[in-house]
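Participant: Using only what follows, build the 3D model:
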Amino acid sequence: MQSLKISCIMIIAIVLWASAYVGIRIGLTGYTPGALALLRFTVASLCMMIIYYGLGIKKRVIWKDRLQLLLAGMAGIGIYNICLNYGEQSVSAGIASFVMGLMPAMTILLSLVFLREKLARGVWFGIIISLLGLTLLTIGENTEPGIHQGIMAILVSALMGAILTIIQKRFVSVYHPVAIIAWVMWGGTLLLSIFLPDLLQEIRVAEIQTTAAVVYMGIFPATLAYLAWGYVLKYLSASNASISLYALPIVSTLMGFLLLNEQPSSLSLVGCSVTLLGAFIANRFQMRLSFAQERQLSN
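Facilitator: Here you go, the predicted structure:
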């Protein structure tokens, strides 16, 4: 019964995150990328503030760490969402989610540079496959205006997300996960506040449905999905749970087709699949190496 509950919560988190890619496309019909990100994370920050203080977390984050988390949020939430929103002006929801699937592979590479972690040889094989997939994707979508800039923006977004993951690793054993994501989210919202004049102007003329979609993204994918995922990680290892995230682009593509009538070309879908396969291979090889190292230490 417990495993069924965990599986259901995991599915909810994935569906909510997948819906964000569709929500961004809807939000961009009434908001510019920066204003959209600010409205979404203003809502998310308020929700997280209620949850943070409602839980009564006893161990407070010291100011030195708060500043680091705020800066991490400016990159991993602020720049991440500006680039993602900009990219989705020309890239479909499904394809954007497939490109974002490279984030685990980027995290592994950053671990080599910043955490001095040893990489398995198969990681490089997976990365080469992902690059091949990106090439096929770019060729398949070459007729779309601004597609190259859009894909590049989403790659920057994935890089920012990977950087945030690396930084968060320093704090997961020290603070409550809600405290960490709260300060990160507030840092991102602080950076995004530079778009406040745009938001105040655009929210007056935006359609109610468009604004509702952005508010939805702030409450559900940006807040509740993170909390749901935190619950899943209590009972499953990060490596086992992360495998399920490879279903996210498939769900997002299906939502894009059903809700937005997005129909990527066959070559684009092949490129997306190859890109995701490469990221999966890189992740699996690294997980095996980490598991082998843990066994050696335990022996």
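
Participant: helices and strands around the helix or strand harbouring H148, which ones?
Facilitator: Using DSSP states H and E, H148 falls within helix 147-168. Judged by 3 or more Cβ pairs under 8 Å, 6 or more residues apart in numbering; DSSP states H and E, the packing partners of helix 147-168 are helix 63-73, helix 80-87, helix 93-100, helix 103-114, helix 121-140, helix 177-192. Quick note: C-beta positions are derived from backbone N, CA and C, even for glycine.

Participant: Give me the contact list for the fifth one.
Facilitator: This points to helix 121-140. Contacting residues not belonging to helix 121-140 are listed as 95, 98-99, 102, 105, 108-109, 147-148, 151, 264-286 [Cβ atoms under 8 Å, 6 or more residues apart in numbering].

Participant: what is the rounded mean pLDDT of it?
Facilitator: Computed over helix 121-140, the mean pLDDT rounds to 78.

Participant: buried set for that helix?
Facilitator: By 16 or more other Cβ atoms under 10 Å, the buried positions in helix 121-140 come out as 122-123, 126-127, 129-130, 133-134, 136-138, 140.

Participant: the inter-axis angle of it versus helix 93-100?
Facilitator: Computed by axes from the mean of the first three to the mean of the last three Cα atoms, to 10 degrees, the angle separating helix 121-140 from helix 93-100 equals 150 degrees.

Participant: and helix 121-140, how far from the chain's centre?
Facilitator: Distance of helix 121-140 from its chain centroid, counting by Cα atoms, centre = their mean, to the nearest Å, is 20 Å.

Participant: Could you do stretch 113-131 as well?
Facilitator: Relative to its chain's centre, stretch 113-131 lies at 20 Å (Cα atoms, centre = their mean).

Participant: Same check on stretch 258-278?
Facilitator: Here the centre of stretch 258-278 is set off from its chain's centre by 18 Å, with Cα atoms, centre = their mean.

Participant: coming back round to it: with only the CA atoms kept, save the helix holding H148 in PDB.
Facilitator: What follows is helix 147-168, C-alpha atoms only, in PDB (Å, rounded to 0.1, in the frame of the first residue of the first chain):
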ATOM      1  CA  ILE A 147      14.600  27.700 -33.300                       C
ATOM      2  CA  HIS A 148      18.400  27.800 -33.000                       C
ATOM      3  CA  GLN A 149      18.300  30.600 -30.500                       C
ATOM      4  CA  GLY A 150      15.400  28.900 -28.700                       C
ATOM      5  CA  ILE A 151      17.300  25.600 -28.300                       C
ATOM      6  CA  MET A 152      20.400  27.500 -27.100                       C
ATOM      7  CA  ALA A 153      18.400  29.400 -24.500                       C
ATOM      8  CA  ILE A 154      16.900  26.200 -23.200                       C
ATOM      9  CA  LEU A 155      20.400  24.600 -23.000                       C
ATOM     10  CA  VAL A 156      21.500  27.600 -20.900                       C
ATOM     11  CA  SER A 157      18.400  27.000 -18.700                       C
ATOM     12  CA  ALA A 158      19.400  23.300 -18.300                       C
ATOM     13  CA  LEU A 159      22.900  24.400 -17.300                       C
ATOM     14  CA  MET A 160      21.500  26.800 -14.700                       C
ATOM     15  CA  GLY A 161      19.400  24.000 -13.300                       C
ATOM     16  CA  ALA A 162      22.500  21.700 -13.100                       C
ATOM     17  CA  ILE A 163      24.500  24.400 -11.300                       C
ATOM     18  CA  LEU A 164      21.600  24.800  -8.800                       C
ATOM     19  CA  THR A 165      21.700  21.000  -8.200                       C
ATOM     20  CA  ILE A 166      25.400  21.100  -7.500                       C
ATOM     21  CA  ILE A 167      25.100  24.000  -5.000                       C
ATOM     22  CA  GLN A 168      22.100  22.400  -3.300                       C
END
